[in-house]
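Trainee: here is the input, now give the coordinates:
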Amino acid sequence: MKNQVQLICYIDRFSGGNIKSLQQLLTGPLKDVFGGVHLLPFFFPIDGADAGFDPIDHTQVDPQLGNWSDIRELSEHIDVMGDVIVNHMSAQSPQFIDFLKHGDDSDFADLFLTFDKVFKNGATEKELLHIYRPRPGFPFTTKSLGNGSKKMLWTTFTTNQIDIDVNGAKGKEYLLSILKQFHDAGIKMIRLDAAGYAIKKPGTSCFMIPETFDFIQWFRDKAADFGMEVLVEIHSYFKQQVEIAKKVDRVYDFALPPLVLHAIYTGNATHLKHWLEISPRNAITVLDTHDGIGVIDVGSSNGEPGLLPDSEIEAIVEMIHKNSQGQSKQATGEAASNLDLYQVNCTYYDALGGDDDRYLLARAIQFFAPGVPQVYYTGLLAEPNDMDLLAKTLVGRDINRHYFTEEELPQALERTVVKQLIDLIRFRNTHPAFNGDFHIDESTDQMLNLRWQNGASKAVLKANLELSSYEIEVN
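Mentor: Predicted coordinates for the structure are as follows:
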């Protein structure tokens, strides 16, 4: 992966059309702005129950967007990252429909993870209560088979997303077929989606257990055979994240978004500075993503303190609600069919009250933090919350998943804050200091001084959290 700012986007929601229109955007108005692009699920169908994360066919590009040849052509202009959704597939997939019809006689019976595959002798109440799930309730759904019998299937996320037995022969065959298709299409990097939940074992939390690391290593090795890097997407306790980073190519820095908000909200960089001292250096840094603003990554775990006290995390959530004039509260939790326990749904721009200066300060901190920065498409355009889309779909995360039209895009790119952000991106991409070493210079609680040094090349960010201002010094 190039050490340059990366873009993450939905093809249809950002470019106003398809893969070809996205290519025109990235080779036209946004030429040379990004070092790579992460295409959020473009598989059939993109308009399922979970915006493409419940693929019916993971090896087919949704015809609404184009085909694999279009992906290949795009990859010739810019490095492309794609999602491999390892934990589950759609209940409407041909494989699962065949299983429902034929049961254990189906060629795909071994592809799906049933309750009895994991709990061969049944499960105790203690074992069931120990299972970690990012949403309320147990991760099981009962389905009726063609012969009248019933099966309990693992459904970690929704009843439409059927978990795969990734350790079985059929599961591995399925995953390898995706890797081959990606390789043939010129995709250079893979985001391993929901990998933390992929392995289930009796008596454990079924989340990020030792066997999960074994699976991630297996997948990483297979991807390496195709010449592809792997980015692992996991929300977890910060110490666990640091350990995960030692075993993979790349991890997300999901602790950064709430810590930057906390620093700007309070005018105090103490907690943020501590994290920047210990954060993984092979991280992809983010402020916003297609999901909400996570808080679990800075919280406590099993009595161990987190990066922020629980009271400070609660204060962040309340401040997001206040800055967004209550819009984020309407989009979070049961209020909007979004039961993820660790996310607040809001654009990062509105989480900072739509304040251009504060927003650019947040981006400057992100671009100076250790790792490769990634910018979400609504973040690039400093987009406010899309309350109309939320009202239409009643899906909380849609508040930050706006559909840009061909008319809206040129107007958005002309906004002053967007032009300033693009200038900041170009600076981060081109200054040689960022290929050197990261340092935190002497700082106070209110002042955060971050420096990159590469020989004689130097870039220094002096961020005044109390005044929500910053300056950059270079030589």
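Trainee: would you state the strands of the stretch 51-200 of the chain in chain order?
Mentor: Assigned by DSSP state E, counting those that start in this stretch, the strands in the stretch 51-200 of the chain fall at 57-61, 79-85, 88-90, 140-144, 150-154, 161-163, 189-193.
Trainee: need the contact partners of the longest one.
Mentor: Going back to what we said before, that points to strand 79-85. The contact list for strand 79-85 (Cβ atoms under 8 Å, 6 or more residues apart in numbering) reads 1-2, 6, 35-42, 53, 55, 58, 71, 74, 175, 178-179, 182, 185-194, 219, 231. Glycine gets a C-beta too; all of them are placed from N, C-alpha and C.
Trainee: again, only using 6 Å
Mentor: The contact list for strand 79-85 (Cβ atoms under 6 Å, 6 or more residues apart in numbering) reads 36, 38-39, 41, 53, 178, 182, 187-193.
Trainee: swap in stretch 353-373?
Mentor: 3, 5, 253, 260, 264, 279, 281, 283-285, 287, 323, 349, 352, 417, 420-421, 424, 428, 438, 450, 461, 463, 468, 470.
Trainee: which stretches of the stretch 201-350 of the chain form helices?
Mentor: 210-225, 238-245, 256-266, 270-278, 310-323, 327-330, 348-351 (DSSP state H, counting those that start in this stretch).
Trainee: which of those sits closest to residue 454?
Mentor: helix 270-278 (18.2 Å; Cβ to Cβ).
Trainee: alpha carbons only: can I get the closest one in PDB?
Mentor: Extracted as PDB, the C-alpha positions of helix 270-278 are listed here (Å, rounded to 0.1, in the frame of the first residue of the first chain):
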ATOM      1  CA  THR A 270      -3.400  14.100  27.200                       C
ATOM      2  CA  HIS A 271      -5.300  10.900  26.300                       C
ATOM      3  CA  LEU A 272      -4.800  11.400  22.600                       C
ATOM      4  CA  LYS A 273      -1.000  11.900  23.100                       C
ATOM      5  CA  HIS A 274      -0.800   8.700  25.200                       C
ATOM      6  CA  TRP A 275      -2.400   6.700  22.400                       C
ATOM      7  CA  LEU A 276      -0.200   8.100  19.700                       C
ATOM      8  CA  GLU A 277       2.800   7.000  21.700                       C
ATOM      9  CA  ILE A 278       1.700   3.300  21.700                       C
END
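Trainee: for that helix, buried residues please.
Mentor: 271-273, 275-276 (16 or more other Cβ atoms under 10 Å).
Trainee: reformat these as a markdown table; add distance to residue 238 and pLDDT.
Mentor: Formatted as a markdown table, the buried residues of helix 270-278 follow (distance: Cβ to Cβ, whole Å; pLDDT from 0 to 100):
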| residue | distance to residue 238 | pLDDT |
| --- | --- | --- |
| 271 | 11 | 97 |
| 272 | 13 | 97 |
| 273 | 14 | 97 |
| 275 | 7 | 98 |
| 276 | 12 | 97 |
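Trainee: specify which member of the residues you listed is nearest to residue 116.
Mentor: Using Cβ to Cβ, residue 275 comes nearest to residue 116 of these, at 42.8 Å.
Trainee: from residue 253, how far off is the closest one?
Mentor: Distance of residue 275 to residue 253, computed by Cβ to Cβ, to the nearest Å: 9 Å.
Trainee: do the same with residue 115
Mentor: The value you get for residue 115 to residue 253, if Cβ to Cβ is used, is 35 Å.
Trainee: got it, and residue 262?
Mentor: Residue 262 sits 15 Å away from residue 253, going by Cβ to Cβ.
Trainee: which of those two has more neighbours?
Mentor: Between residue 262 and residue 253, counted using other Cβ atoms under 10 Å, residue 253 has the larger neighbour count: 28 against 23.
Trainee: relative to residue 134, how far out is the more buried one?
Mentor: Taking Cβ to Cβ as the measure, residue 253 falls 19 Å from residue 134.
Trainee: for residue 68, same thing?
Mentor: For residue 68 relative to residue 134 (Cβ to Cβ), the value is 32 Å.
Trainee: also residue 40?
Mentor: Residue 40 is 19 Å from residue 134, where distance means Cβ to Cβ.
Trainee: what about those two, which has more around it?
Mentor: residue 40 (25 against 18).
Trainee: after the helix or strand hosting residue 12, which helix or strand is next?
Mentor: In this assignment (DSSP states H and E), residue 12 forms part of helix 11-15. Where DSSP H and E defines the elements, the next helix or strand beyond helix 11-15 is helix 19-26.
Trainee: so what does the following helix or strand past that next one touch, helix or strand wise?
Mentor: Next helix or strand after helix 19-26 toward the C-terminus (DSSP H and E): strand 36-39. On a contact count with 3 or more Cβ pairs under 6 Å, 6 or more residues apart in numbering; DSSP states H and E, strand 36-39 meets strand 6-9, strand 79-85.
Trainee: quick one: those as JSON lines, columns for distance to residue 28, mean pLDDT and mean neighbour count too.
Mentor: Listed next are those as JSON lines, based on distance: least, Cβ to Cβ, whole Å; pLDDT from 0 to 100; neighbours: other Cβ atoms under 10 Å:
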{"stretch": "strand 6-9", "distance to residue 28": "14", "mean pLDDT": "98", "mean neighbour count": "24"}
{"stretch": "strand 79-85", "distance to residue 28": "17", "mean pLDDT": "97", "mean neighbour count": "22"}
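Trainee: format those strands as a markdown table; extra columns: distance to residue 240.
Mentor: What follows is the helices and strands packed on strand 36-39, written out as a markdown table (distance: least, Cβ to Cβ, whole Å):
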| stretch | distance to residue 240 |
| --- | --- |
| strand 6-9 | 23 |
| strand 79-85 | 22 |
